[in-house]
Structures are given as structure tokens and as C-alpha cells.
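Q: Here is the input, now give the coordinates:
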Amino acid sequence: MAPKNRYTFVSLMALSIAMPALAQQAPPAAPPAKAADRNSNDVVVVTASKREETVQDIAVAVTAISSELRDEIGLSTVQDYTNFAPGLSYSTANDRLGMRGVTRTSNNFGIRSGISNYVDGVYFSSAIPASRETIFVDRVEVVRGPQGTLYGRDSIGGALNVISKRPSNEFEGEVHIGFANFDERKVEARISGPITDDIRFSLAGNRFFRGEGFLTNVAGLENEANRRDDTYIEGQLEGDIGDRFSWWARLGSLSWHRVGAPGGRTGAGDSTPYDTRLFPGGSANINSFFGFSGVASGLTQAGTQKTNPNIGANQQLQFNADFTQFTDLFPTTEGALEAVYSFDNFDLKYLGGYVWYHYNLQIDNDGGPVSAFKLPFALGGVPAGNNISVGRITDYNENRAWFSNEINLISTGSGPFQWVTGIYQYQENYTQPIYVSSHPGIGGTVLRFPTFTPTVDLPDFTGRNASSGSPQGGDLWYFSNNQGLNHAYGAFFQGDYQINDAWKITGGIRWSKDVMNGADQVRYISHYALGAPRVDGTSAFFGGPDPTTVTASNPCGFAGKGIVNTNVTAANSAAGCGGLDKSRYGIYLDPVTGIARRQLAASWNEVTGVLGVDWTPDTDTLVYAKYNRGYKPGGLGCADTNCNLTATPYTDKELVDAFELGLKREWPAANLTTNAVAFYYDYQGYQVSNTIVPDINSSGVRPPTYVSYINLPSTVTTGFELETIWRPTDALRILFNYGYANPEIGDTPALVHALDPFGRDPAANVISRTNGPCGSSATACIAGQNLNGNLLPFSPKNKAALVGTYTVDMEDGAELNFTASSSWQDIAFSSVFNRWATKIPSWVQTDARVTWTNADQNITLIGFVRNLFDDVIYDGRGGGRRIGNTRDVPLQMCGSSAATTVSHAVNPTGVLAQDCLTISESYRPPRTYGVELQYKF
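A: Predicted structure coming up:
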């Protein structure tokens, strides 16, 4: 496959070189007016600096993606933008955006993203709105580097700005209809125009349906991945009151039913033989794949496949499950209001926004096609031959709302000093309830562990709330909820002083404050160890002290930072701290629901700023140097969306000192535009979740390892980005973009790799080991590693995109465009531990499009092929560890030897002789092709 990918690039470059020769045999040269129109499409006006300026005139590393460019080269989604824009990365499966190595490592709302998303200036928590169709969007701006002295919500890594099409002064409209393989259909329409002389409107909506997925379920259920049924509608009003006051408002709503991202399947799971042990190492739940052990009988199974179909060449798009995973986004509410009053020398601008959504994801928790089986032996209180129900469904929810208010003063005079200042307020509240249920239900009394006294059961299903969640006929065995009420405030100022025609200096300052108030809830009931009755292990299994506070004189320790409402008493100290009373750690049990709950609170603030100098020696050249101080608040949460009352929920803020040196230049003689920037980041406190090996305390004891969000002391990122547009002829345009980023981690405290906790990989940089039982070898002790030299996750070192467009002007005035594009992405890693199991392979994607536009420019036909050569294009890759009986040997893939394959010969419950690893991959879509009609009136 790799040689074919190389040929893709070579072929496209050959095409670009050959086109000028072909042009000599083409119809007569285009009229000057048409050539000028095509050249003008290369000039995009942006508002990245809160003023309308062209990309070439602004001292910011920004990629402007206009709606015309999106239609021309096929940039439909945020995923496509990453192919084109240097420094930009995106995980479709998790909706995580990154720039220059700065990315989100958790979907827990208590941990904020380092990249800010904006729609018409209003902050969004998700990048999904940037994928809206071109009928809604005028352009998308990818602004790289810290942003704070011009934006309401600050951003340490960059911003993704979506600018909607505004109402027009004259009545107009357009309709788009499209069809593609995978049963894809879309229809969208927009009308716009004046209501009165001073009020204008626009109404737009679309329906997008894709009925087939690219992952096949061999159990006979529906295929999955990339299936969509989306509806979006919006209305806008815009008006003027006199000569000085203008206003604009937008109201929109999005809803969908998807079988795929974000949240659903984008991969087929791991590619190793099934783990058929009854209780896989480290798990308290019966394994559904024990049904394929040869020991169990009486299987209730979807389909007949008993081996993993995702093994072998070209089998990576098959899985085996008895539940179709799906996501629902219930109709959202999304509003924005802008009002501007123009004084003689400055504008007073107000911008407000509000968003609410409810997202639901249903996941096959047990992971396989078996929902029940019988055991030939007794298990706890369950006699031999009883039916064991192993089907489990996860019901994950996001309920989130936020609003913001921003006031700006923006200078409009003609003097050498121009400035922007503003204040900002933001509030969000959210819940993330998760329900995991057994189907069918187990029934019976619920006993509390370890006393085994009867306790409360959860009520029957009455809707998703804090004490319910299991559908009819099921038993809820796990519940968690992450709740929050967060506030952010900011005040900022930036000024530019034009010293003379050639030199300009910039300075800005910002104050930011973030306040978080949250709560964790959890309840867990074991349905399996005893069958019915069931065991409530909530109080016994969850919550405890910050391990670093445990000493010989204080064996109970104290609650971790960020936990409030603690209650330290004599009853829960010393010998009493091992009981069910955990109020010492801020945890309280609701006697009605049986749910354990605690409160969290923290705040952070920072002063940041920018300094820059621009040199414009001539009208074609801009050279700039810039220093930016960036900030991201700390958080209260964990890597998972369910924190299970983790003992150390607090993480501190991130800071970055960012330096840029840029050159933007037009080369008129060559019809060439080049934008280049080199950057250096000194990043402090990058937030990452990991297992920690604590230092030996004052009592000479090393506390046990624990999982927590931590701040990496230092990461240094160096990089270079180049964007070019070349028009060798009036008919041919070539775009080449390249990005290099090297986000290298410095020295770190001792961290444990979840896939290699004993440091057996040759690449492991072990700096400490825990005391305690080490098994048969000293290397079996838990190993803390230094990450020095590793790269931040989801950050390929190299990216490149090459696009060629050739235009043929027809004799009747119509226009025919041929476009070919090829994007290449280097390897990356999905973990701060850069190991083979989490190495995302490199890939190449090649696309082609043909576009015909009539002479009146109101009818356009588009034919397209994405992923022309049907290559495997990776969205991510992750590793998993199966715990075996021997742990002091080099790691291998599971199923690669007898020692890494489960055996039931000696023990019917199953034995895995040796630890081993699994690998799961997620993918972008295979080859897609289709047509689209656009009609404007």
C-alpha cells in the first residue's frame, strides 16, 4: 500500500507540471475578467484580529478556508481541514481538536480544551459546527498560537472561527442537492433578502442522510460507522437604526441520529483472539466472551461467528456484537446577538450567545455477541447450570448549557494608534450521567459490602435522572455523574502603533479568572459474584485519601486538593478510616438512592499578553516577530468521563511562552504567494492523566501508586509551517501546504505506563520502582518512567497537502474545473508513552473533483471521489493490556504465542500465562463518490 501512496504524490506533481503544456491545446485563453476573478478568490478577508483584513496583511498564522475553496477542493468536515491546514489535528471519534501539539486528553467537562471554537464570535465547546455545509458558512479561520488579547474566551493553543453567511441586501437564494454511495442523500436551501429598507433576513436548513456504514457486523445486525441522519435549521435577522447603530441575531437548532462518530464505532475493536477467561485479569465482571471458551453451554448469541472477524489481511472493517451503537443529539438551542454603535472614532460592540444541548450515546458494554450462557460449575451463590446474563448496555449522556456576554471597544480612527479592548463573562452548567445496566435484570435483594446487610435498590426506570437509568427489564449496576457550574471572566486590551510606513509595534495584556464548582456521584452494584442477591460495593470500593498525605503518623491521610465539605472526626480517623464513613474525604452516602456524592471547587487566574513587531519593506512583503503568553485553567476531573470519586481530582493550570517569526510575501513576477512561520513554545504544566509512583514520604514509606491528572513540568515545541499558492498560468492553480511540529516532553516525575506498568519495553526509561511484593523478579515491581524525549499525543511531526486545480473556459461562457488533491500525515502517537502499541501509522489520502458552472454562474454541478485509492486512513490507534500470570517478560501481542493465548486445559475458568497487548484502530471513511447540484437564484 505504501508504494501506491507514493505514486499518488508523484502523479499529482506530474499532472501539475503537465497542465501548462495541455493548456496550449485548450480553448482560447480566458478573458482577463475571468482570470482576475480567479485571482481574487485567493484573497480572503479574515477577522482574526477583530478587524477585516486580508490574510496577507495580518501578522497572525491563520489559514482561511472560504466556502468557495471548500466546494472547489472538497473540504467538507473538520477532518478535511486537518488534511489542508498546517498544525491542525482532530480526533473524529472523540471530537478533540488540536493545534501544534496542544490537544485535549479527556472528554470530561471538568478538563477544558486548549483550543477555543467560535461560531460568529460565540464560544463553543465542540468543533462540530465547523463542519456545517457551505450553504451556511462564509469561511472558517484556523488561527494558530495563543489567543487572548483579542478574544472573549482565551485559548492557549489557537482558535477555530466559523463565520456564518449574513443576510443580503437583495433577495437571493440557493438550493443544494447531493447523492453519494453508502446511501447518502442531502438537500439544503437558503433564502435571504430585505424585509424593509433597514431590516434583512435569511432562513436556511438542511437534511443530511447516510444510511450505510463502512463497518460490517458479522452477527447479522446493522452495519456501523459514518451513518448519519442530521437536520440543521437557522434563521437570521440583521438591521440598522440610523447611520450609527446596527444589530444582528441568529437562532439555530441541530439534531441527529448517528451510528458512528462522535462516540459511536469508528473501528472494529482489537485484532487479537478473544479473551475467553471467565474473569479477565483486573475485572470484577463476568466476561461475555467466556461463552466461546468451550466450557460454557446454552449460549444466547446473535449470529454464529465464534472467533474474532477482525483478524487477518483486509479484515479490519468487521466486528461481532449483539447491539448497534448509536448517538442521538436532541434538538439544540443555539443563539447569538450582536449590536454595534459607531461613535466618531470607535465602535462599541456587544456580543452575546447561548447554547444548550442533550447528547446521548448507547454503547455495547459487554462488547460481544453473547448475552447469556450456562456454567457447568457453581459460582458463588449461583448453582451449576443456572443461566448467567452477561449482556450490558452503557447509556452515556451530556446535558450542557452555556451563555456568554462580551463588550468591546474598537478604534476606527485613521491615526497611527489602533486599539481593541473588552470585558468578557461566561457561565456553563452541565451533567454527564452514565448508566450501565444488565439485560435482562438479575433481581433479588441488594446487600451492602462488606457488612452484607440489606440496602436500598434503585427504583424502576422513570427517565434519565440521578436515581434511575436502567431500561425496563434491566438492572442498573453502575451509575456515575459529573456535574459542574463553571464561570470564566476576562478583561483585555491590545494596541497597534504604526511608527511609519514600514514598522508597526503591537502590545496587549489580558486578565483571566476561572471558577469551577462541581460534584461527583457514583453507585456500583455487583450482579455477578453472588448472582441474586446482589452486592452494593459503592462505599467500600470508591473514594479515599490523597496517597501523598498518608504517613505512619496519619495512616488515614486527607482528601485531595479541590475536594470540599470534608468532615474529619475521631470516628473516621485511625482505625475508623477503613469503614463506610468516608465523610473525612468529603464523600457522603444518600440513604434513599444509595449514591455516594462529593463536592468540588477550585479557581485559577492569570495575566497574559502579547508583544509584536511588523516590518513591511514593500507592498508585497510582511515580516513579523511575536511573543505570546498563553494560559489554560486547571481542572477538576479525570481522563474518563466517569471519575469514580478519584482521590486526586485537581489539576493545575497550563502556561506557554510562544515565539513566532513569520514571513508573508507576494511574488508578482511568478504569480506566487508564500506564507511561512517558525515557532518555539516553552510549555509548562501540560495536563495529562497517568498512574503516579509517589516519592518516599517523611516516614520512609512510598505510598501506593494512584491515577491522577498531573502537569508535565516542561514541553518544548519547535515547528515550521508553509502555505503557498502558485498560478503558473491563468488556468492552473497549485496549493502546497506543509507543517512540521516537534512537541518534545522534558523531564517528568515517575509515571506508570498502563500498557507496560513494569517497564519491560526496551524503550522504557525507568527511574523508580515501588516497594512491596515484586513476584519472581525485581523487574516485576511497578516502574515509574521518565517521559523525556517523548512527543505529545496526536501530533504528527510532518504534514503536507498538495492541490492542483485546472480551469477550462468553455466557448459558451461556462467553466470546467478539474481538481486533484493529496494529503500526507506522518506517524503520531495516541499516548505520551510513545510505544509501538499506540503508534498511529502514517497515511495518504487522494481526492479528485470535477466542477462545471454555467455562464450565468448560478448552476454548478460537482462530481467527486474522496480517498480515490481506497487506502486505510487512520483516525487513531490505542493499546490494551491483558493481565496474565507472568509479568516480568517482554510484552508481545496477545495470541502471538501459547503463553499469550488463553487456555482452559488446566483451569476451566481460563488461564493466560503471560501479560500481552492488544491494539485497536479507528478509521476515516473508505472511498466515497457522489454528485452535487447547486442552484442559485
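
Q: So for stretch 741-748, mean pLDDT?
A: Mean pLDDT, stretch 741-748: 96.

Q: Could I get the buried residue list for it?
A: Buried residues in stretch 741-748, counted by 16 or more other CB atoms under 10 Å: 741, 742, 743, 744, 745, 746, 748. In short, each C-beta sits where N, CA and C put it, glycine included.

Q: contacting residues around it?
A: Applying CB atoms under 8 Å, 6 or more residues apart in numbering, the external contacts of stretch 741-748 come out as 87, 100-102, 681, 683, 686, 712-719, 786-792, 795-797, 832.

Q: what about 7 Å?
A: Applying CB atoms under 7 Å, 6 or more residues apart in numbering, the contact partners of stretch 741-748 are 87, 100-101, 712-719, 786-792, 795, 797, 832.

Q: Residues contacting stretch 829-846, please?
A: Counting by CB under 7 Å, 6+ apart, the neighbours of stretch 829-846 from elsewhere in the structure are 5, 8, 83, 688, 745, 753, 755-756, 761, 763, 787, 790-794, 822-828, 867-869, 871-874, 876-879, 917, 919.

Q: quick one: it to chain centroid distance?
A: Computed by CA atoms, centre = their mean, to the nearest Å, the separation of stretch 829-846 from the middle of its chain amounts to 16 Å.

Q: how far does it stretch from start to finish?
A: Distance between the two ends of stretch 829-846: 23 Å, counting by CA to CA, to the nearest Å.

Q: the strands in the stretch 251-400 of the chain, which residues?
A: 297-301, 318-319, 326-342, 346-364, 370-374, 387-389, 391-411 (DSSP state E, counting those that start in this stretch).

Q: quick one: contacts for residue 99?
A: Contacts of residue 99 were listed using CB under 7 Å, 6+ apart, and they are 87, 88, 115, 144, 157, 158.

Q: quick revisit: in strands only, show me the contacts of stretch 741-748.
A: Secondary structure defined by DSSP state E assigns 712, 715, 716, 717, 718, 719 of those to strands.

Q: give the contact list for the third one.
A: In other words, residue 716. For residue 716, the set of contacting residues under the criterion of CB under 7 Å, 6+ apart consists of 681, 682, 744, 746.

Q: Provide the contact partners of stretch 574-583 at residue level.
A: When contacts are taken as CB under 7 Å, 6+ apart, the neighbours of stretch 574-583 outside the stretch itself are 539, 543, 555, 556, 567, 571, 572, 584.

Q: same check, this time on stretch 227-245
A: When contacts are taken as CB under 7 Å, 6+ apart, the neighbours of stretch 227-245 outside the stretch itself are 132, 136, 166-167, 198-213, 246-260, 341-342.

Q: Ramachandran angles for residue 583?
A: Backbone torsions of residue 583, given as degrees, to the nearest 10, read phi -60, psi -20.

Q: scratch that, residue 750 is what I was asking about
A: phi -70, psi 120.

Q: Could you do residue 129 as well?
A: phi -60, psi -20.

Q: mind checking how far it is from residue 621?
A: Between residue 129 and residue 621 the distance, using CB to CB, to the nearest Å, works out to 36 Å.

Q: Between these two, which has more neighbouring residues?
A: Each of residue 129 and residue 621 has its neighbours counted (other CB atoms under 10 Å); residue 129 has more, 24 against 15.

Q: Grab the nearest non-local neighbour of the more buried one.
A: Of all residues beyond its chain neighbours, the one nearest residue 129 is residue 119 (4.9 Å), with distances taken as CB to CB, 6 or more residues apart in numbering.

Q: List the beta-bridge partners for that neighbour.
A: Listed by DSSP bridges, the beta-bridge partners for residue 119 are residue 122, residue 162.

Q: Surely it touches residue 127?
A: No. Using CB atoms under 7 Å, residue 119 is not in contact with residue 127, being 10.3 Å away.

Q: returning to what we had before: just name the closest of the contacts of residue 716 to residue 589, please.
A: Of all those, residue 589 sits closest to residue 746, with 43.0 Å by CB to CB.

Q: mind listing the helices for the stretch 1-150 of the chain?
A: For the stretch 1-150 of the chain, helices defined by DSSP state H, counting those that start in this stretch occupy the ranges 2-23, 32-40, 67-73, 78-84.

Q: any idea of the mean pLDDT for the third one?
A: For helix 67-73, the mean pLDDT works out to 94.

Q: can you check the last one too?
A: Averaging pLDDT along helix 78-84 yields 94.

Q: Which elements pack onto that helix?
A: Helices and strands touching helix 78-84, as assessed by 3 or more CB pairs under 7 Å, 6 or more residues apart in numbering; DSSP states H and E, comprise strand 88-91.

Q: Residue nearest the middle of this structure, spatially speaking?
A: Central residue of the chain (CA atoms, centre = their mean): residue 96, 1.3 Å from the mean position.
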